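*Asks:* Just to be clear, the model below is a prediction. Sequence and coordinates:
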Amino acid sequence: MSAVRVYLDTSVIGGCCDEEFAKWSLGLMRDMRLGLLIPVISDLTERELEKAPLDVKVHYDELLDMGCQRIDESSESLKLAAKYIAENIVPEKYEDDARHIAVATVHEVDILVSWNFKHIVHYDKIQRFNAVNLLLGYEPLQIFTPMEVADEEI
């Protein structure tokens with residue numbers, strides 16, 4: 001069985017430096033270092049991290065050193081994100097959250113991980129994202145927190 005491709009949004013990388021989320025974000029990073037999971041980031045994540053504190057950037061650099069997969073937004077993913085907004089799944093003010101979901105969907109990652117409970121990791125939102133995905137011919141996207149994905153036994 002091949003390793004699972006896991007898209008990390010910015011909150012997961014920032015979570016490495018947050019007392020509440022560090023255990024699980026760092027656990028996810030450990031699993032990626034061990035080759036149990038394949039890290040995937042987008043150009044959107046990279047742009048968001050340009051404004052991040054230095055301690056967060058250290059964890060981003062670690063992902064790069066692991067040889068993480070990099071995916072780019074496209075007109076297709078931007079169109080999908082616009083559909084999520086048009087369907088009132090994500091407010092326009094939080095367009096980047098819709099764009100993370102869309103780029104991960106278009107590039108067929110296995111799982112998206114996030115600590116964003118308001119606009120991403122929420123039962124109703126996940127159902128609605130995937131309803132749009134299925135309607136437009138995309139596969140459903142698995143969305144979890146790092147706590148649900150990291151292997152706590154290692």
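*Replies:* It's in.
*Asks:* Spell out the residue ranges of the helices in this structure.
*Replies:* Taking DSSP state H, the helices of the chain run over residues 10-15, 22-33, 43-49, 54-65, 75-86, 95-106, 123-135, 146-149.
*Asks:* If you count contacts, what does the longest one end up packed against?
*Replies:* It stands for helix 123-135. Contacts defined by 3 or more Cβ pairs under 8 Å, 6 or more residues apart in numbering; DSSP states H and E place helix 123-135 against helix 75-86, helix 95-106. For the C-beta atoms, the positions are set from N, CA and C on the backbone; glycine is no exception.
*Asks:* Identify each buried residue in it, please.
*Replies:* 125, 126, 128, 129, 130, 132, 133 (16 or more other Cβ atoms under 10 Å).
*Asks:* quick one on the thing from earlier: quick one: which of the helices and strands packed on helix 123-135 is nearest residue 7?
*Replies:* helix 95-106 (4.2 Å; Cβ to Cβ).
*Asks:* Using CSV, write out every CA atom in the closest one.
*Replies:* Provided in CSV are the C-alpha atoms of helix 95-106 (Å, rounded to 0.1, in the frame of the first residue of the first chain):
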residue,chain,number,x,y,z
GLU,A,95,-12.0,32.8,0.0
ASP,A,96,-8.6,31.3,0.8
ASP,A,97,-10.3,28.6,2.8
ALA,A,98,-12.3,27.6,-0.2
ARG,A,99,-9.2,27.8,-2.4
HIS,A,100,-7.4,25.3,-0.1
ILE,A,101,-10.3,22.8,-0.5
ALA,A,102,-10.5,23.4,-4.2
VAL,A,103,-6.8,23.0,-5.0
ALA,A,104,-6.6,19.8,-2.9
THR,A,105,-9.7,18.4,-4.7
VAL,A,106,-8.5,19.2,-8.2
